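# need a structure here:
(chains A and B)
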Amino acid sequence: MTMQSESRDPLLSVRDLRTWFHTFSGVVKAVNDVSFDLAQGEIMGLVGESGGGKSVVGFSILGLIDPPGRIEGGQILLDGEDLAKAPEDRLRKIRGREIAMIFQDPMTSLNPVHTIGRQMDEMLRLHTDMDEAARRRRCIEMLESVGISQAEDRLRAYPHQFSGGMRQRVVIAIAMLAHPRLIIADEPTTALDVTIQSQILKLMKRQVADHGASMILVTHDLAVVSEVVDKITVLYCGQVVERGDVRDVISAPSHPYTRGLIDSIPNPDHRQPRLSQIPGTVPDIRNLPKGCNFRDRCPRAQALCAQEEPKLAPTRQSLFAACHFPIGTGGDA
Amino acid sequence: MMQAFLASQFFFNWRRNLSAIIGSVIIAIFIVIVAFGPLMVAQDPYDLTQLNLLDSYKPPVWLPGGDPRYLLGTDGQGRDVLASIIYGTRVSALIGIAAMLCSCLIGTSLGLLAGFYGGRLDAIIMRIADLQLSFPSMLIALFLMSAVGTGVDKVLIALTAVGWVVYARTVRGSTLGEIEKEYVQAARVAGLTNAKIIRRHVLPNVLTPLIVIATVQVGTFILIEASLSFLGVGVPITQPSLGLLIKNGFDVLFSGLWWTSVFPGLMIMAMVFGINLFGDFLRDELNPRLK
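I've put the predicted structure just below:
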């Protein structure tokens, strides 16, 4: 079975993206040769530990990398247009209209001094030529579609009058207002109560499907992504270590790092005395070791891993992994 | 609107704070004086045809030799001291408020630019501010006045040059805090230009602390202006402020003709006192840490 999505023309195609930060203490290669494709209507999970470069991928796509950071190379093709080379005023038209972003903390991602209605209206005024009455109707419609009752009254409310979950619904409504084709959701449920995380995820999945959009779900929580995404890309030290369809990745990953991430999800069916964890810490990204970046933490590391950097290659089913000795292949010892 | 104000926490606290009430009453009286002052006195002290040299140096009405037409006495040209004070209060208060508005406008704009863009622009603006703070503000104002000459507009320039720094520093600090918040990122992601982000999103969030600074600064400016005028580099003699009135009377102060300086002095004191009382109340009310 091959990845079906790759046969269609992708909506977004990231090719060898490099986003480096030139800091005083050295060059941080936050994103280093990352490639992936995203088809129309597809949801991709971008997974990794803190500092793994997940968010930087999202901001690179939007052209919002501030100095000392820079996109050093690669292509970000949205419908064939290279955003990595697009001028700022073109990017500004794309932001919000073609690509929307949902942030982690709904407590701070809405401006406390403006009403919800005004913040929604701003988006429509910027990206559509609807008149005032039409904009208002659209805002009310959108609020209702994310499950906010008495939408008309709520337009006049300020962010502090909403609960965290409700705020994130508003943030989603604002993101979807201009019918973007791509949503980048950066840890959208991390700041929320566990009880409403899955509600919000389902809402996002439904909204994305209703609008025929695609989504990149950036998260460190594999349990979260497995509920909603179609495929997963795993980042480690700014590089893709594994990617594939969600079912294959979750049920039988081939990279030991992915295996470690999955094993550290608590599972109520298995009675484990202790939750397993990946030993060690992420290496200093300014000073990466030769060979495989994961080898010091890897239970399967061998002499070759210290010498040669593994390349992303097909392993099983839909999976690609950057590992000399992927799980479940002849390399098993 | 009125109903909402009377029911607000602000009004509730105000009613229970004696110094806030006194401050507000003093400010209210001064607003009336500034607005309607000339209607309250018979004489226009700067219309020379209304002056009578025979009435010069009349003492206040309750002293022997006092004239009931001149409640607080007259000066050497036979000007009614009360009328001079009321006209002078207008000049002083309007200069204080106008200079505050100019400082606030310039300081806030520079602070927003410095905080939002950072880098070299930030360094330049804030080093100028530091340099400015290393001189006593009176000295800067004096230098400027001696360089550009005297006049109401020149006093405004001097006071603004002294006053913008405090806004710039405060706004820059708050801006640095605000741009860290995700709503600023969200505005960038929504495709807003930097100018719109600064104006619509950052500015309204950094304004609150400025209200207190602005209030207290009006008082400070009235004092600086009075000092400049007293030193003879302030407003021209044709538009005397309270400071200039004090100076005019100062020459004869030790001849026992005290009323020409002391009453304008008391007026300045009352005005600045009222502003500071109210400013203290505002500081407590608007400080988020005390909520």
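# the helices in chain A, which residues?
Per DSSP state H, chain A carries helices over the ranges A:4-7, A:54-61, A:88-94, A:116-127, A:132-145, A:151-154, A:164-176, A:194-210, A:222-228, A:246-251, A:256-263, A:303-307.
# Quick one: mean pLDDT for the last one?
Spelled out, it's helix A:303-307. For helix A:303-307, the mean per-residue pLDDT is 84.
# Isn't B:Glu208 up against B:Glu285?
Actually, residue B:208 is Thr. It isn't Glu. No - using CB atoms under 8 Å, B:Thr208 makes no contact with B:Glu285, being 10.1 Å away. C-betas here are computed from N, CA, C, even on glycine.
# Between the two, tell me which one has more neighbours.
More crowded of B:Thr208 and B:Glu285, by other CB atoms under 10 Å in any protein chain shown: B:Glu285, with 17 against 14.
# returning to that earlier point: go through the helices of chain A and name the closest to chain B.
With CB to the nearest CB as the measure, helix A:88-94 is the member of the helices of chain A nearest chain B (4.7 Å).
# Pull the residues that contact the closest one.
With CB atoms under 8 Å, 6 or more residues apart in numbering or on different chains as the test, helix A:88-94 has contacts from A:62-63, A:78, A:83, A:86, B:191-193.
# Which residues are in contact with the residue of the stretch 1-150 of chain B at minimum distance from chain A?
At 8.2 Å from chain A, B:Gly119 is the closest residue in the stretch 1-150 of chain B, using CB to the nearest CB. Shown in contact with B:Gly119 (CB under 8 Å, 6+ apart): no residues.
# what does A:Ala84 give?
Applying CB under 8 Å, 6+ apart, the residues near A:Ala84 are A:17, A:60, A:63, A:71, A:74-76.
# count of neighbours near the residue nearest to it when sequence neighbours are not counted?
The spatially closest residue to A:Ala84, leaving aside those adjacent along the chain, is A:Ile76, at 4.7 Å (CB to CB, 6 or more residues apart in numbering or on different chains). Residues lying near A:Ile76 (other CB under 10 Å) number 21.
# give me the beta-bridge partners of A:Ile76?
Judged by DSSP bridges, the bridge partners of A:Ile76 are A:Val14.
# pLDDT at it, what is it?
The model's pLDDT for A:Ile76 equals 93.
# my guess is it meets A:Asp16, correct?
No - contact criterion CB under 8 Å: A:Ile76 and A:Asp16 do not qualify, at 10.3 Å.
# so what's the spatially closest residue to B:Gln217 that is not a sequence neighbour up against?
Sequence neighbours aside, B:Met100 is the residue nearest to B:Gln217 in space, at 5.0 Å (criterion: CB to CB, 6+ apart). Neighbour list for B:Met100: B:163, B:214, B:217-218, B:221 [criterion: CB under 8 Å, 6+ apart].
# Could you rerun that using 10 Å?
By CB atoms under 10 Å, 6 or more residues apart in numbering or on different chains, B:Met100 lies in contact with B:159-160, B:163, B:167, B:213-222.
# And it, how close does it get to B:Leu176?
Remark: distance between B:Met100 and B:Leu176 (CB to CB, to the nearest Å) = 24 Å.
# Likewise for A:Ser149?
Separation of A:Ser149 from B:Leu176 (CB to CB) stands at 38 Å.
# What of B:Ile197?
14 Å.
# A:Arg92 too?
Going from A:Arg92 to B:Leu176 by CB to CB gives 24 Å.
# Neighbour count: those two, which is higher?
Each of A:Arg92 and B:Leu176 has its neighbours counted (other CB under 10 Å); A:Arg92 has more, 20 against 16.
# State the pLDDT value of that one.
Note on A:Arg92: pLDDT of 90.
# what residue lies at the spatial centre of the chain?
Just going to use chain A. The geometric centre of chain A, computed from its C-alpha atoms, lies nearest to A:Val218 (CA atoms, centre = their mean), at 2.4 Å.
# Actually, chain B is the one I wanted.
Nearest to the mean C-alpha position of chain B, by CA atoms, centre = their mean, lies B:Val218 at 2.1 Å.
# after the helix or strand hosting that residue, next one along is what?
Take DSSP states H and E as the rule and B:Val218 turns out to sit in helix B:208-230. Later in the chain than helix B:208-230, the nearest helix or strand by DSSP H and E is helix B:242-250.
# For that following helix, could you pull out the residues that count as buried?
For helix B:242-250, burial by neighbour count (16 or more other CB atoms under 10 Å in any protein chain shown) applies to B:242-249.
# sec struct for the residue nearest to B:Gln217, please.
Here B:Met100 is recorded as helix under DSSP: H, G, I helix; E, B strand; the rest coil.
# on that earlier part again, out of the contacts of A:Ala84, flag the one nearest to chain B.
Using CB to the nearest CB, A:Gly63 comes nearest to chain B of those, at 9.7 Å.
# Skipping its backbone neighbours, what lies nearest the closest one in space?
A:Gly63 sits nearest to A:Leu91 (CB to CB, 6+ apart), 4.1 Å away.
# A:Ala157 contacts A:Pro112, doesn't it?
No - with contact defined as CB atoms under 10 Å, A:Ala157 does not count as touching A:Pro112 (11.9 Å).
# Show me what counts as buried in stretch B:169-188.
Under 16+ other CB under 10 Å, the buried positions of stretch B:169-188 are B:169-172, B:174-176, B:178-179, B:181-188.
# from the residues you listed, which are also near chain A?
B:178, B:181-188 (CB under 10 Å from any CB of the partner chain).
# Name the residues of the stretch 51-200 of chain B found near chain A, please.
Within the stretch 51-200 of chain B, the positions near chain A by CB under 10 Å from any CB are B:118-119, B:178, B:180-194, B:196, B:200.
# Could you pick out which of these are located in helices?
B:119, B:178, B:182-189, B:194, B:196.
# quick one: which of these is nearest to B:Met40?
In terms of CB to CB, no member of those lies closer to B:Met40 than B:Glu178, at 46.4 Å.
# hang on, isn't the closest one packed against B:Thr208?
No - B:Glu178 sits out of contact with B:Thr208 when judged by CB under 10 Å, with a separation of 11.6 Å.
# Alongside chain B, which residues does the stretch 151-300 of chain A contribute?
Close to chain B, as judged by CB under 10 Å from any CB, the stretch 151-300 of chain A has residues A:159, A:171, A:174-175, A:177-178, A:184, A:186, A:191.
# what about 8 Å?
Contacts of the stretch 151-300 of chain A with chain B, taken as CB under 8 Å from any CB of the partner chain, map to A:171, A:174.
# Looking at the buried residues of helix B:242-250, which is nearest chain A?
The nearest one, if we look at the buried residues of helix B:242-250 relative to chain A and count by CB to the nearest CB, is B:Leu242, at 38.5 Å.
# so the closest one touches B:Ile268, yeah?
Yes - using CB under 8 Å, B:Leu242 is in contact with B:Ile268, at 5.0 Å.
# Could you check how many residues crowd around the nearest residue in space to B:Ala99 that is not next to it in sequence?
Nearest residue to B:Ala99, sequence neighbours excluded (CB to CB, 6+ apart): B:Leu159, at 3.6 Å. For B:Leu159, the count of nearby residues is 28 (other CB under 10 Å).
# same question, A:Gly147
Residues within reach of A:Gly147, counting by other CB under 10 Å, total 16.
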